[in-house]
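J.: 3D, please:
(chains A and B)
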Amino acid sequence: MEIKSGSSITSKQLIFIMIGTMLGSGILSLPRLAAKEAGQDAWLAVILGSMFPLASLSLIRLLYKKNDAASFVEICRKVGGRWLGSLFSIILALYSVLTASVLLRVFIEVISMFLLNDTPMLAKLVLMLSVCAYLASTNAKVIGRLNEFLFYVLLPIVFFSLPAIVKNSDIRNLMPVLNFEVSDYARAALTTGFAFSGFELYIVFHPYVLKEKEAYGASLYALLITLVIYLYFVIGVISVFGSELTQKFTWPTLRVLATAEVPILERIEFLFIQAWIGVSFRPISIQYFCASHIIAELLKLKSQKWSTLGLFPVMILIAYYPKNIFQVFKLSDYVGQIALSIGIALPLILIVFGMFTVKRKAVNDENA
Amino acid sequence: MVKRLITSKHNIKPKKYKTIKEIAATAHLRADNSRKIISPVKDKEEWFRYELAGNGDIVFRELFIGGNEELDAILIYMYGSIDKNMLNAYVIKPLMSFKGGKEKSIEGSISYKSIMDSCLSVGTIKAVTDKDLAKNEMFEGKVILLVNSIDQIIIMEVAGGKARQVTEPESEKTLRGTKEGFIEDIWNNVAVIRKTLPDPSLKVEVSKVGRRTKTSLAVVYLKSLADDKLVKEVKSRIKKIDIDGVLANGYIEEFIEDNPYSPFPQTQGTEKPDKVVAALLEGRIAIFLDRTPYVLLVPAQLIQFFQAPEDYYERPYMGTYIRLLRAIAFLVTTSAAPAYIALTSFHPELVPLELLLNIAELRKQVPFPPVVEALIMEFVIESLREAGLRLPTAVATTLGVVGGIILGDAAVRSNLVSPAMIIVITITIICNFIIPNYSMSLVIRLVRLYLILLAAAFGAFGITLGWLVMIIHLCKLESFGVPYFAPLAPTRFKDLKDLYVRVPIWAMKDRPDSIPVKDKKRTVNAREQKNGN
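T.: From the prediction side, this is the model:
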């Protein structure tokens, strides 16, 4: 398989790839979503929300432990047979295309609001997706390197917000703790779990890790780092604005940055947005990569470039479809829910199917 | 005398040539100036004269060995490529006074062996029977000797011609390092490396490239250090080169690099022996090419283009300071002009009010948008630079004054370009000169243009995307299996001590992590041992 050649990554790179997929537009919107559901206890909701990805990662690990396979498509075929297996792979590819498109649109909405108002939506979409397509047409190795580099480069921007948060924060905004019903927390966790979407792609990257034993641990590290960064923003934003006000802003994190006064630069959030482009183009690219990777392998394409190219107009169409930001948010809510269900259900189904097929094989062997 | 010739059965193949008697007769006739009967030497000479016809620079020097008229011989060489004094003193003179050496007393005759062994005092000498081979060697600057009644053709090297003096490389000047630079002659260059690095495991594997130019190429590496797979890969890629002519290292570079469409240089070129030796000691491989005072080092990585030998020759603090300066200069030279364009045309609200008013005041009467200004300035300055490169120094200075000072001043006065833009572009150009490697500074000019266009179309968003594409591209690049962007991506923390900072030499205990070598250890920290005692 030429597509897979040069795809092996180190477990360290897997950490950065996973952070890259999970950390995205959540930085800007998670405080709002979490505050809406759980008020001042939003941070608790975020921690609870991380249980979903945790479960998903464990299931995926179990799947690969039970079945030996060199790639996601292969494991699907092994477990579900030729047709059903292909169907499973296609479901993930479709989901990835949908997610990437919606993320792309959300991304462009932010860009339109803060950087480019007048440029036509379509031009911005095409421009941005071209950059993502360039990355998506490469292999896992390159994606690993890029994520590793950008992680270190962009980590400092997390702390851009530190002066603003420290200056204006009030610990009373986070009080009182544990003021909600258990069912509220459960509902909130469902919402916040979506911010981690991207974890399900672990199912694609797992077989490419050189030392497969380290892969699961690496993914847990990635989850932990993502959780810490999200918690930092959620706690920071809510401690500045309080849960009521946080819900009112579309992008509360940027509002916090706007309160900071820095010499020379009039608006620090401008720099933050620039760096944020580097953060949030990654989930789009990685989702895009996974979709075109799966399709290339299914169709036995010589080069992943063709499937990347083929998906390009589809994604532009999906991203261009919502008429306004409210529709975008609605769509992104759906996608978040799908992410949770795919992340849990897909590995679970595969495991169950695997048990049957393995049994059937055993029976066949006995008969023979 | 005739008798002596007759007794020499040694080298005469009876089948191919006339009988000994006939030869004797020929010699006799030849003495009578009769040219009709062709002697063996004449036979070969005819062939060479025919093959080499139309070449005015090729000399046929006839002589009699030891004054013996039967032993006539011919030297064939190219006039410009031999050392005349050496030819006269060590080839022609001994030949003319040659008495046959030891063999004379035994057999009373002469053989090619005895000529080679006891007559010609030339270091590089060999005998062949293939006339075509001899001809080709002659064209490479050798002298060939045909002797009557001897089948072999003697080929010797009496190389001369003018070689350029060893000078300090113009583009890589240093204050504390060696002032020696490479010259066009490959053997001189290899010798300089041998002199600096007399390690017995230093291998110099020579081959020829170019069907017509037949240029010598040497792959130089430390056998005890360089990774075998890497050496094999380099050699196999060089072997695959099939082209009629190789004029400079650039040809080789384009044939062997991993990503032929990338704008970034994937082999590091240098004119300085100390750089080559430093690379060899890191387990890298040097490719020398004849007629090029420029050596290619592979595998190359991005950061190597931003390092200079002086970083290591001066104190570590200075090295670190200069590296940081270069990093900032790199950012400025690529992004200052695009950032200015993005700020003035897309995001004026980001500029502090007073500065904004200043800029607006300066730009008040300029009719163009900033991007056009920038492109005009870029065009003028790039043209000036390109013109200055080719012109004689005296004229270039005038050009600088006329182009830079007068034109710049006039452009501002006539409101074609705002002074702010002139400042930005000038800083950009100065910073470009800080990049120590010429190939890289060329690429950076392209990168700047690309970012300027993106900034003009999409503002700061465009610049960021431009940078992202560049970073993706750099992550994608590999040079002989070594990640081009390492140690940044993949991040190798061990190598970071020689990236932005330059730690003391004794603290760099290991060779770079990203290049495969057989022996990682570079130094045992002598300082720590001393402190321990």
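
J.: Pull up the per-residue confidence for residue A:367.
T.: pLDDT, residue A:367: 57.

J.: before we move on, what about residue A:363?
T.: 63.

J.: same check, this time on residue B:37
T.: Looking at residue B:37, the pLDDT reads 38.

J.: so what's the closest residue to chain B within the stretch 51-200 of chain A up against?
T.: Proximity of the stretch 51-200 of chain A to chain B (Cβ to the nearest Cβ) peaks at residue A:149, 3.4 Å away. From N, CA and C alone the C-beta is placed, and that goes for glycine too. By Cβ atoms under 8 Å, 6 or more residues apart in numbering or on different chains, residue A:149 lies in contact with B:471, B:475, B:485, B:488, B:489, B:491.

J.: what do you get for residue A:342?
T.: Residue A:342 touches A:91, A:92, A:95, A:200, counting by Cβ under 8 Å, 6+ apart.

J.: same thing but at 10 Å, please
T.: Residue A:342 makes contacts with A:56, A:91, A:92, A:94, A:95, A:96, A:99, A:197, A:200, A:203, A:335, as judged by Cβ atoms under 10 Å, 6 or more residues apart in numbering or on different chains.

J.: backbone phi and psi for the third one, please?
T.: Taking degrees, to the nearest 10, you get phi -70, psi -40 for the backbone angles of residue A:92.

J.: since we're on it, how many residues are nearby?
T.: By other Cβ atoms under 10 Å in any protein chain shown, the residues close to residue A:92 number 21.

J.: Distance of it relative to residue A:280?
T.: 21 Å (Cβ to Cβ, to the nearest Å).

J.: re earlier: residues of whatever helix or strand the residue of the stretch 51-200 of chain A closest to chain B lives in that come out buried?
T.: Using DSSP states H and E, the element containing residue A:149 is helix A:140-158. Along helix A:140-158, the positions that meet the burial threshold by neighbour count (16 or more other Cβ atoms under 10 Å in any protein chain shown) are A:140-151, A:154, A:157-158.

J.: cool, stretch A:327-339 as well?
T.: Using 16+ other Cβ under 10 Å as the test for burial, stretch A:327-339 gives A:328, A:329, A:331, A:332, A:335, A:336, A:338, A:339.

J.: cool, stretch B:232-244 as well?
T.: B:233, B:234, B:237, B:238, B:241.

J.: Residues in contact with that stretch: which ones?
T.: Contacts of stretch B:232-244 (Cβ under 10 Å, 6+ apart): B:205, B:207, B:209-213, B:217, B:219, B:221, B:226-227, B:251-252, B:254-258, B:284-287, B:296, B:298-299, B:480-481.

J.: let's see 6 Å
T.: Applying Cβ atoms under 6 Å, 6 or more residues apart in numbering or on different chains, the external contacts of stretch B:232-244 come out as B:209, B:211, B:212, B:219, B:255, B:256, B:285, B:480.

J.: Closest to chain A out of these?
T.: Taking those together and measuring to chain A by Cβ to the nearest Cβ, the closest member is residue B:480, at 14.3 Å.

J.: For that closest one, grab the count of nearby residues.
T.: Counted with other Cβ under 10 Å, residues neighbouring residue B:480 total 24.

J.: With the one 3 residues further on instead?
T.: Residue B:483 has 23 neighbouring residues, counting by other Cβ under 10 Å.

J.: One more: residue B:80?
T.: So residue B:80, with other Cβ under 10 Å, has 10 neighbours.

J.: Are we agreed that it is in a helix?
T.: Yes: membership of residue B:80 in a helix is supported by DSSP: H, G, I helix; E, B strand; the rest coil.

J.: Return the closest of the buried residues of stretch A:327-339 with respect to chain B.
T.: Among the buried residues of stretch A:327-339, residue A:328 lies closest to chain B (Cβ to the nearest Cβ), at 18.5 Å.

J.: before we move on, the earlier item: of the buried residues of stretch A:327-339, the lowest pLDDT goes to which?
T.: In terms of pLDDT, residue A:336 ranks lowest among those, with 81.

J.: residues in contact with it?
T.: Going by Cβ under 6 Å, 6+ apart, the list of residues near residue A:336 reads A:194, A:197.

J.: For residue A:328, see how far away it is.
T.: Going from residue A:336 to residue A:328 by Cβ to Cβ gives 12 Å.

J.: Could you pull up phi and psi at the residue in chain B that chain A sits nearest to?
T.: The nearest approach of chain B to chain A comes at residue B:489, 3.4 Å away (Cβ to the nearest Cβ). With angles defined as degrees, to the nearest 10, residue B:489 sits at phi -150, psi 120.

J.: What count of nearby residues applies to it?
T.: 26.

J.: Next: residue B:189.
T.: Residue B:189: 27 surrounding residues under other Cβ under 10 Å.

J.: out of the buried residues of helix A:140-158, who's nearest residue A:253?
T.: residue A:158 (10.5 Å; Cβ to Cβ).

J.: which residues touch the closest one?
T.: Taking Cβ under 6 Å, 6+ apart as the definition, residue A:158 has no contacts.

J.: so where's the stretch 1-150 of chain B uncertain?
T.: B:1-40, B:100-110 (pLDDT under 70).
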